[in-house]
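Colleague: predicted structure and sequence below. I'll ask about it afterward.
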Amino acid sequence: MRNTIPVAVLAGAALFASVPARAQGKLNVVTTTEDLASIAREVGGDHITVESIAKGFQDPHFVEAKPSFILKLQKADVLIAVGRELEIGWLPPLIQQSRNARIQVGAQGYLDASLGATILEIPNGNITRAMGDVHPLGNPHYWMDPENGKRIGKEIADKLSELRSGDSAFFQQQLTSFTTRLDTAEKRWLAQMAPYKGTKMVTYHRSFPNFAERFGLDIVGYVEPRPGIPPTPQHTLDLINEMKRQNVKLVLVEPYFDMKTPMAIGRDTGAQVLVMPPSVGGTKDVPDYFKLFDSDINLLIDAIKKSGAK
Amino acid sequence: MTTWRARFFSTVVPTMLCLGLIAAAPARGQGLGGAGTVQQDSAQALRQDIDQLRREFDALKQQYGDRLTALEAKLAATEGAAAPAAPPPPGQPATAPVPAGAESGTAAPVYGASISNAKVFNPDMAVIGDFLGAAGTNKVQPDPFGPGTHPNALQLHESEAAFQAVVDPYARADFFISFGEEGVSVEEGFITLTSLPGGLLTKVGKMRAAFGKVNSLHNHVLPWADRPLVIGNLVGGEDGINDAGVSVARLIPNPWMFLEATGQVFRGDSGADPNGNPLFQTTRRSELSYVTHLRGYQDITDNANIDLGFSYSRGHNGLSNGNLADPGSLVTQLYGIDATYRWKPLQRSIYHSFVGRTEWIWSRRDQPTGLQSGAGMYVSGDYQVGRRWFTGVRLDRSAHANDASLVDTGGSFVITYWPSEFSQVRAQYRRTNYATGPSLVSSANELLFQFQFSIGAHGAHPF
């Protein structure tokens, strides 16, 4: 008899597994990164509250699954993730422990923002970990292209409209405004970058392929020998030789990587070493998605001018 | 149905025809060696054969066509006016067709019928290898990594296979199968109900109990090659409290911190101490064991946080109380406190971190000779020096569960190197002073090595 009590409790609890609908208030949106938070803020306006788990200046691959994040997810109506396995090392246990049926993968409140985006570097053929921490579903740093920003915005607007059909017109109007402003800004950014098309550069991690493709930059190598593998002396040497051969004068470093190797490469090749945030919140100068491109493009142009590259 | 019929006539029938031709050809081939007339004759005969085959084929086609029509009519009659099922919209998982009979309950449903993309539902799989080596001598515990007398200078201590997937919209399942030197065992295998009301996170199956910190962790996420002395002496060693049962955890809402209460009920068995005395051993169905755990967590800053835990466990230890009227076994109670301080600067999180941890455990073990109250603890600090290098220290102290007057002490230095996220190499110097009798101490100095490597799905990083 004593043994049956926990089982009975469990069965009773399971009967109530269908969670009643929540009261209609502001939608509580939690995003994994600040980039998604910024876009969600543009689209959701004052009809939603937004909070991001990762900070823009930390490596989004290595976020700690802190219990304080469980509390955030427990109350979330929507969870927006970058997807493409960017968060695979930390998001699954958080979702699992959130005790929130709304945001489980596959539930209505879970949104993978990559679904409509253009994804680069989707590996072909046989991939192994000999290639490093390769993402089998393609490069997850896709938000670094304003075109993808619009697509993410649309995904979010559609999801918010689905959850709050009454506010659908508002979200679509916000989306139109966001898209229009982004279109205008993108034209300006493209014009700014036009003179520097084809500039060769090296980046630390593969964080910038979408950015490079949109603005016509030529990334010829990486400080990491393979994704997620720290620099090795031999690879650094090879990279320096390659940079000298191709006359590459620019090294881009994400704010969360160690500067020692990039600085050494800079000294040896005469290249400018530029810390360029790939995310909103990466530095104080990039509080939102528009400022991210404004700031990055200004930094980049300054560095290109200084390096005398092109 | 029409597509099936089209496929039948477009592939099956021509194949049959070709086979028929091939079968017919060798029979005619015998005559091909002769003169021109023979060749003409044989060509004519071949043509006749083909015509014959064609007629037979047409007849067959007619026959099968009629049978199919009859079959379709029959099916339509049984299904009534049911419309043909539309293909699932893209993005939705395909489901295996269930035979008509299954729906009415007259026949067993057929699951797992071959679906071209069925692999997408396979669980995430990974295998983690844990290779250990030891140098130095240890007279008290000859096996450096567990009970027993084998010296085990080198061993593939454990190969852990993990299978993890979502079961349905309400649950996920995790299996960890451990292949060790003694054989195969289910280290953990449980279902987690993720969406119960009232914020209850429920696990059912075999699992490592939430007693303290180290007991709940798998070998490969520990910062050491071994487990602390107190875990061996008082909490059932490497196997620890790891049993079949039910676990329910709930967050306690409060404005200050993350607070989680966990209650667990188990069958009542556990691992044993180095002398082979089990912590818990059940002799009757009613001798269940219980674990409760209260965890409080608070961010101090973005870079630092503190994690506190209080644990209590109670179970029967298998020792007889000698009472013939109530032949149940005696009880062991465990009390535990754990504290963890973590520091990790967000912007340089992949390069530097520090984890300071301590666990204090008190054991109250009823024995036929009386109550034994022993205590034990460890305190450890692990500092990440660079992206790939970690160093650590651990101090150990623990009484024996069955004789609290005997207290073992020890200490370790650890260096760990991570070639990548998926492998690590570790060296640990361990000195242990074993209490072998009243004021008798035997010391052991050992150098332990560990090689860990994982293949397969990318698992989550431990916190």
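Modeller: Received the coordinates, thanks.
Colleague: what does the stretch 51-200 of chain B put close to chain A?
Modeller: B:166, B:169-170, B:172, B:192-200 (CB under 8 Å from any CB of the partner chain). For every residue, glycine as well, the C-beta is placed using N, CA and C.
Colleague: give me the number of residues near the residue in the stretch 151-300 of chain B that chain A sits nearest to?
Modeller: Residue nearest to chain A within the stretch 151-300 of chain B (CB to the nearest CB): residue B:195, separated by 3.1 Å. When counting by other CB atoms under 10 Å in any protein chain shown, one arrives at 20 neighbours for residue B:195.
Colleague: and the closest residue to it other than its chain neighbours, its phi and psi?
Modeller: In space, residue B:195 comes closest to residue A:101 once its chain neighbours are excluded; the distance is 3.1 Å by CB to CB, 6 or more residues apart in numbering or on different chains. Main-chain torsions, residue A:101, degrees, to the nearest 10: phi -70, psi -20.
Colleague: could you do residue B:428 as well?
Modeller: Dihedral angles (degrees, to the nearest 10) for residue B:428: phi -140, psi 120.
Colleague: that one against residue B:226, yeah?
Modeller: Yes: contact criterion CB atoms under 8 Å: residue B:428 and residue B:226 qualify, at 7.1 Å.
Colleague: common neighbours of the two, please.
Modeller: Shared between the contact lists of residue B:428 and residue B:226 (criterion: CB atoms under 8 Å, 6 or more residues apart in numbering or on different chains) are residues B:412, B:448.
Colleague: if you count what's nearby, which of the two comes out ahead?
Modeller: Neighbours were counted for residue B:428 and for residue B:226 using other CB under 10 Å; residue B:226 has more, 26 against 22.
Colleague: that one and residue B:145, how far apart?
Modeller: Per CB to CB, to the nearest Å, residue B:226 is found 6 Å from residue B:145.
Colleague: and for those two, which residues touch both?
Modeller: residue B:448.
Colleague: count the residues that sit near the closest residue to residue B:242 other than its chain neighbours.
Modeller: Leaving aside its sequence neighbours, residue B:242 sits nearest to residue B:208 (CB to CB, 6+ apart; 4.7 Å). For residue B:208, the neighbour count with other CB under 10 Å is 19.
Colleague: contacts only, for residue B:208.
Modeller: Neighbouring residues of residue B:208 by CB under 8 Å, 6+ apart: B:187-188, B:215-218, B:240-242.
Colleague: ok, now residue B:395?
Modeller: With contact taken as CB under 8 Å, 6+ apart, residue B:395 is in contact with B:378-380, B:410-411.
Colleague: other residues contacting the host helix or strand of residue A:158?
Modeller: According to DSSP states H and E, residue A:158 maps onto helix A:146-163. Contacts to helix A:146-163, defined as CB under 8 Å, 6+ apart, come from residues A:27, A:29, A:36, A:39-40, A:42-44, A:47-48, A:77-78, A:80, A:108-109, A:111, A:113, A:115-118, A:142-143, A:167-168, A:171-172, A:174-175, A:178-179, A:182-183, A:185-186, A:189, A:210, A:214, A:289, A:293.
Colleague: filter the residues you listed down to the buried ones.
Modeller: By neighbour count, with 16 or more other CB atoms under 10 Å in any protein chain shown, the contacts of helix A:146-163 hold A:27, A:29, A:36, A:39-40, A:42-44, A:47-48, A:77-78, A:80, A:109, A:111, A:113, A:117, A:142-143, A:167, A:171-172, A:174-175, A:178-179, A:182, A:185-186, A:189, A:210, A:214, A:289, A:293 as buried.
Colleague: part of a strand, is residue A:178?
Modeller: No: the assignment for residue A:178 (DSSP: H, G, I helix; E, B strand; the rest coil) gives helix, which keeps it out of a strand.
Colleague: tell me how far it lies from residue A:288.
Modeller: From residue A:178 over to residue A:288 the distance is 11 Å, taken as CB to CB.
Colleague: same thing with residue A:215?
Modeller: 19 Å.
Colleague: so for these two, which residue has more residues nearby?
Modeller: residue A:215 (24 against 16).
Colleague: tell me the predicted confidence for the closest residue to that one other than its chain neighbours.
Modeller: Excluding the flanking residues, the one nearest residue A:215 by CB to CB, 6+ apart is residue A:193, at 4.3 Å. At residue A:193, the model reports a pLDDT of 97.
Colleague: residue A:193 reaches residue A:296, doesn't it?
Modeller: No: counting by CB under 8 Å, residue A:193 does not reach residue A:296; the two are 10.2 Å apart.
Colleague: quick one: contacts for whichever residue of the stretch 301-450 of chain B sits closest to chain A?
Modeller: Going by CB to the nearest CB, chain A is nearest to residue B:346 of the stretch 301-450 of chain B, at 4.3 Å. Contact partners of residue B:346, counting by CB under 8 Å, 6+ apart, are A:55, A:57-58, B:302-303.
Colleague: pipe the residues you listed into JSON lines and attach neighbour count, pLDDT and secondary structure per row.
Modeller: Putting these into JSON lines (neighbours: other CB atoms under 10 Å in any protein chain shown; pLDDT from 0 to 100; DSSP: H, G, I helix; E, B strand; the rest coil) gives the following:
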{"residue": "A:55", "neighbour count": "19", "pLDDT": "96", "secondary structure": "coil"}
{"residue": "A:57", "neighbour count": "20", "pLDDT": "96", "secondary structure": "coil"}
{"residue": "A:58", "neighbour count": "26", "pLDDT": "95", "secondary structure": "coil"}
{"residue": "B:302", "neighbour count": "13", "pLDDT": "94", "secondary structure": "coil"}
{"residue": "B:303", "neighbour count": "16", "pLDDT": "96", "secondary structure": "coil"}
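Colleague: how about those residues, which pair is most distant?
Modeller: A:57 and B:303 (11.8 Å; CB to CB).
Colleague: so what's the residue nearest the centre of chain B bridging to?
Modeller: The centroid of chain B falls nearest to residue B:176 when counting by CA atoms, centre = their mean (1.7 Å). Applying DSSP bridges to residue B:176 yields these beta-bridge partners: residue B:162, residue B:188.
Colleague: got a list of what it touches?
Modeller: Residue B:176 sits next to B:160-162, B:186-189, B:218 when contact means CB under 8 Å, 6+ apart.
Colleague: quick one, which of those residues are buried?
Modeller: For these, a burial check counting by 16+ other CB under 10 Å picks out B:160-162, B:187-188, B:218.
Colleague: what's the closest of those residues to residue B:357?
Modeller: Closest approach to residue B:357 among the buried ones among the contacts of residue B:176 (CB to CB): residue B:218, at 16.2 Å.
Colleague: pretty sure that closest one contacts residue B:174?
Modeller: No: using CB under 8 Å, residue B:218 is not in contact with residue B:174; the gap is 11.1 Å.
Colleague: what's the burial count for residue B:286?
Modeller: 12.
Colleague: now for the closest residue to chain B within the stretch 51-200 of chain A, how many residues are close by?
Modeller: Scanning the stretch 51-200 of chain A for proximity to chain B using CB to the nearest CB identifies residue A:101 as nearest, at 3.1 Å. Using other CB under 10 Å, residue A:101 has 18 neighbouring residues.
Colleague: not counting sequence-adjacent ones, nearest residue to residue A:145?
Modeller: Nearest to residue A:145 is residue A:210, by CB to CB, 6+ apart, at 3.8 Å.
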